[in-house]
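# here is the input, now give the coordinates:
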Amino acid sequence: MLSAMMPGLEFITGSSTSMVMLLAKATLILVVALGITFAMQRSSAGARHLVWLVTLATLLLVPALTAWSPLRLEILPSIATTNLPSTAGEGFSSSPTATEKSGSAPSSNTYIYTTDGGGSSTSNNPLADMSGASTLLLAWAVVMLALGAWLAYGAFVVRRIVRGAHPLDTRDWLTPLWEIADRLELEQPPRLLASADAKMPFACGFFTPTIVLSADCDGWSEDRRRAVLLHELAHVKRRDLVGHTLGRLACAIYWFHPLVWTAAKQLRNESERACDDLALSCGAKASDYAEHLLDIVTSVRHDATPAVALAMARRKDFEGRMLAILDPELRHSTPNRRQSAILVGSLAVIAMVVGAAAPAPRAPAVVLSSAVPVAMGTPDVNQDAEERPAPDPAPSASPAAKLLQDFVEPEKDKHVDEADEEKTAKEKAIERLGEIAPEAKGAAANDDRPVLLANILRTDKDASLRRLAAWGLSQYADTRVAADALAYALRRDSDASVREMAGWALGDGRDNTVAVTALIEALRTDPNERVRSIAAWSLGHIGARDAVAALTAAMSDNNKGVRTRAVWAIGHIGPKEAPPAIFALLHDPSPGVRQLAAWALYQIEDPAAIGPLNAALKAEQDSELKIDYIRALAAVGEKSVDALRGLLESPDPKIKSIAVRALAGGRGAGPWPWPWPEPRPHP
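Next comes the predicted model:
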């Protein structure tokens, strides 16, 4: 009766069974993800981001998994047609269709009803039956295409901004870019552009990662530049643009489902917080980093960043990020590969089971034989259960199923060895440079490339080619021919950039007399401060204990960069006793130098440093530097107890907390997240 009155109802209860199951599965997966992330509130943002990423990726696979449906579960009854006996209503009669008159098998749902007045009316017409389905399908397609067009327009706008932007290729931009790319272990840094059309810094580009900054970025301080680059390069490192695009596609397909929009929003928020965590783990100070973000957000009133790009911050989502950045109790770590593999694999298995499950058919219900009153002339649809067509067998595994199986394979099968990864990246870089440098260290003894590069470094008149040759020889820095050529260039080349590259390349070798002697000489006598700075770094990188005296003398250099690298080198070498010159640097005018001096003392663990550290702690005004001094005191051990005892009465809860941690056991004050080595130069 209802199907006769409402022809569209069959769409809901019959042909759309798979659609209803699809929506039920998608909702179940989203609810499970909400529950998991709610239970992970104190976990890292990177772990929660993985949950939402797998969830949204699964939603895109659910249609294929539903079609596959190899798991027959008796959870829900399958939809079966109920046979009702035919009863002619008063004033109505039923007659067979033309098909029946011709002797063909009658249709189960097509009848013609004739009234006593000779008129006729048609019910369950196929076009009428599909009217509801067609309307809903059309509405879904129109909205999906509109959202797709909106995303395509956003991609067009991003492309236009990138084309009209100008590159930031000066040294004051490239140096922090290369340094942070090295910290994050990026094989190649992304393009760095500035555009007047960009109000908020954003990352974009699938195949060519690009960072676009606002036109006023040249007026930023060095700290702000590093904070912004840390955040945007973190997006590139984490490949967040892939997850962001998956979320947008899921919203376009499931635009009618509010939980999908919630999942996409949570994915975006967690990716931003995960990038903040990565920036903090790379040594950014939480207070300074939060201040830079706040200034950038408040300076942009109307952010028009296209939806397909990853803007650095949005006003409406910023309050939670600020609280997370400044909360010392939250975990700011990122899940390692093993943890990520376990989490992704577990979620994928759950999603596969839910997506592939289908209701198993049950025995048909008993058909009542009593007459049913008919108001509109219900047709006689008596049909034995044996005549009903058997359900279609489950189709064979689809390509989506195989894709899902590949998705849950162990993580180690999806990643090549890290050494091979580095080797491959270097090979590609070398190919772009004309295959000048070798593929890795330890080349065969009959390899002529070191000799050829050494000859170019000694004799070529083009400084850019000599610099490139020095860069290539860094791969052979352990060999005598390369060390001799690099030492010669460091002493005698007329171009400071060539000497700087030669000094850096020597730091890639072993602690040998040729390299150490040339580097010490450059540290003491080279007129260029960048060459002296790189010489100090290389001495520390190769661990040259014979260079401690020269590095100690360099601590009084007029250039801050040279002093900084000299202190870093001594801390990296780790002599048994701290040079007294480091104690004086605890009162250096530069906060960065003072922090580095504290780090070096933290590495050396010399009890003689307790007095100078305690005096510097009392005179220091910077609370972050006070914590660094406490870390250095804690590293000394039990002899620093007297110096730490007074800190237990500090009115600053953070200092009091770090002092208690220090007393709890040596380096209990926590790891030292800074400093990092010299960035890899790009010829």
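# distance of the closest residue to residue 310 other than its chain neighbours relative to residue 452?
Closest residue to residue 310 apart from its sequence neighbours, by Cβ to Cβ, 6 or more residues apart in numbering: residue 203 at 4.7 Å. C-betas here are computed from N, CA, C, even on glycine. Distance, residue 203 to residue 452, using Cβ to Cβ, to the nearest Å: 40 Å.
# cool, and residue 506?
With Cβ to Cβ as the criterion, residue 506 and residue 452 are 19 Å apart.
# give the residue from those two that has the larger number of neighbours.
Taking other Cβ atoms under 10 Å, residue 506 and residue 452 do not tie; residue 506 has more neighbours (31 against 13).
# that one - nearest residue in space that isn't next to it in sequence?
residue 515 (4.4 Å).
# ok, now which ones touch the closest residue in space to residue 148 that isn't next to it in sequence?
Excluding the flanking residues, the one nearest residue 148 by Cβ to Cβ, 6+ apart is residue 252, at 5.5 Å. Going by Cβ atoms under 8 Å, 6 or more residues apart in numbering, residue 252 touches 144, 147-148, 151.
# can you check residue 656 too?
647-650.
# was I right to think residue 267 contacts residue 243?
Yes: at 6.0 Å, residue 267 counts as touching residue 243 under the criterion of Cβ atoms under 8 Å.
# show me the domain layout of this structure.
134-326, 418-509, 527-574, 576-676 (automatic domain parsing).
# CSV for those, including mean pLDDT and distance to residue 53?
Output for those, formatted as CSV (pLDDT from 0 to 100; distance: least, Cβ to Cβ, whole Å):
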stretch, mean pLDDT, distance to residue 53
domain 134-326, 86, 5
domain 418-509, 76, 22
domain 527-574, 90, 37
domain 576-676, 78, 26
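# same list, the ones you listed, but as CSV with distance to residue 59 please.
Converted to CSV, those look like this (distance: least, Cβ to Cβ, whole Å):
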stretch, distance to residue 59
domain 134-326, 5
domain 418-509, 31
domain 527-574, 48
domain 576-676, 37
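# now, of those, which is deepest in the fold?
Ranked by mean neighbour count, these are led by domain 527-574 with a mean of 22 (mean count of other Cβ atoms under 10 Å).
# show me what contacts the residue nearest to residue 310?
Counting by Cβ under 8 Å, 6+ apart, residue 203 has contacts 190, 209-212, 232, 235-236, 240-241, 309-310.
# isn't there a strand covering it?
Yes: Residue 203: assigned to a strand according to DSSP: H, G, I helix; E, B strand; the rest coil.
# on that earlier part again, in strands only, show me the contacts of residue 656.
Using DSSP state E, no member of the contacts of residue 656 sits in strands.
# can I get those in TSV with distance to residue 498?
Shown next, in TSV, are those (distance: Cβ to Cβ, whole Å):
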residue	distance to residue 498
647	50
648	55
649	57
650	52
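# for residue 256, state which of these is nearest.
Distance to residue 256 across the contacts of residue 656 (Cβ to Cβ) is lowest for residue 650, with 56.7 Å.
# grab the nearest non-local neighbour of the closest one.
residue 656 (4.8 Å).
# could you pull out the helices for the stretch 51-200 of the chain?
98-101, 126-129, 131-164, 171-183 (DSSP state H, counting those that start in this stretch).
# closest one to residue 43 among the ones you listed?
That would be, of the helices of the stretch 51-200 of the chain and by Cβ to Cβ, helix 171-183, which comes in at 23.7 Å.
# ok, which stretches of the chain are strands?
Using DSSP E, strands in the chain cover 71-73, 92-95, 111-115, 120-123, 166-167, 191-195, 202-204, 210-214, 310-311, 357-359.
# contacts for stretch 152-164, please.
193, 195, 197-198, 204-205, 210, 212, 306-309.
# can I get those in CSV including distance to residue 534?
Below are those laid out as CSV (distance: Cβ to Cβ, whole Å):
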residue, distance to residue 534
193, 28
195, 33
197, 38
198, 34
204, 34
205, 32
210, 29
212, 31
306, 41
307, 44
308, 41
309, 36
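# now, the most widely separated pair of the residues you listed?
So, the contacts of stretch 152-164 by Cβ to Cβ: farthest apart are 193 and 307, at 19.5 Å.
# do you have the helices of the stretch 451-600 of the chain handy? List them.
Under DSSP H, counting those that start in this stretch, the stretch 451-600 of the chain gives helices at 463-473, 480-492, 496-506, 513-525, 529-541, 548-554, 560-573, 580-585, 591-604.
# those helices: which one's closest to residue 42?
Using Cβ to Cβ, those put helix 591-604 closest to residue 42, at 28.8 Å.
# which strands or helices does the closest one pack on?
With contacts taken as 3 or more Cβ pairs under 8 Å, 6 or more residues apart in numbering; DSSP states H and E, helix 591-604 sits against helix 560-573, helix 580-585, helix 610-619, helix 623-636.
# can you put the ones you listed in CSV and add distance to residue 281?
CSV is the format used below for these (distance: least, Cβ to Cβ, whole Å):
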stretch, distance to residue 281
helix 560-573, 19
helix 580-585, 26
helix 610-619, 25
helix 623-636, 16
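# out of those, flag the one nearest residue 604.
helix 560-573 (6.8 Å).
# that older thread, will you turn the helices of the stretch 451-600 of the chain into JSON lines that also has distance to residue 292?
Shown next, in JSON lines, are the helices of the stretch 451-600 of the chain (distance: least, Cβ to Cβ, whole Å):
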{"stretch": "helix 463-473", "distance to residue 292": "33"}
{"stretch": "helix 480-492", "distance to residue 292": "38"}
{"stretch": "helix 496-506", "distance to residue 292": "30"}
{"stretch": "helix 513-525", "distance to residue 292": "34"}
{"stretch": "helix 529-541", "distance to residue 292": "26"}
{"stretch": "helix 548-554", "distance to residue 292": "32"}
{"stretch": "helix 560-573", "distance to residue 292": "22"}
{"stretch": "helix 580-585", "distance to residue 292": "27"}
{"stretch": "helix 591-604", "distance to residue 292": "16"}
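# for residue 28, which of these is the nearest?
Checked against Cβ to Cβ, the stretch from the helices of the stretch 451-600 of the chain lying closest is helix 591-604, at 51.1 Å.
# hmm, who's touching that closest one?
Residues from elsewhere that reach helix 591-604 (Cβ under 8 Å, 6+ apart): 560, 563-564, 567-568, 570-572, 574-578, 582-583, 585-588, 609, 613, 616, 620, 622, 625, 628-629, 631-632, 635, 672, 674-675.
# ditto for stretch 532-540
By Cβ under 8 Å, 6+ apart, the list of residues contacting stretch 532-540 reads 490, 500, 503-504, 506-507, 515-516, 519-520, 522-523, 526, 547, 550-551, 554, 557, 559, 561-562, 564-566, 568-573, 677-678.
# so which of the helices of the stretch 451-600 of the chain comes closest to residue 47?
Comparing those under Cβ to Cβ, the one sitting nearest is helix 591-604, at 29.7 Å.
# CA atoms only: put that closest one into CSV for me.
Output in CSV follows, covering the C-alpha atoms of helix 591-604 (Å, rounded to 0.1, in the frame of the first residue of the first chain):
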residue,chain,number,x,y,z
PRO,A,591,72.3,35.7,24.5
GLY,A,592,73.0,33.1,21.8
VAL,A,593,76.7,32.9,22.8
ARG,A,594,75.8,32.6,26.5
GLN,A,595,73.4,29.8,25.7
LEU,A,596,76.0,28.0,23.6
ALA,A,597,78.5,28.4,26.4
ALA,A,598,76.1,26.7,28.8
TRP,A,599,75.5,23.9,26.3
ALA,A,600,79.3,23.3,26.0
LEU,A,601,79.6,23.1,29.8
TYR,A,602,76.6,20.7,29.7
GLN,A,603,78.6,18.5,27.3
ILE,A,604,81.9,18.7,29.1
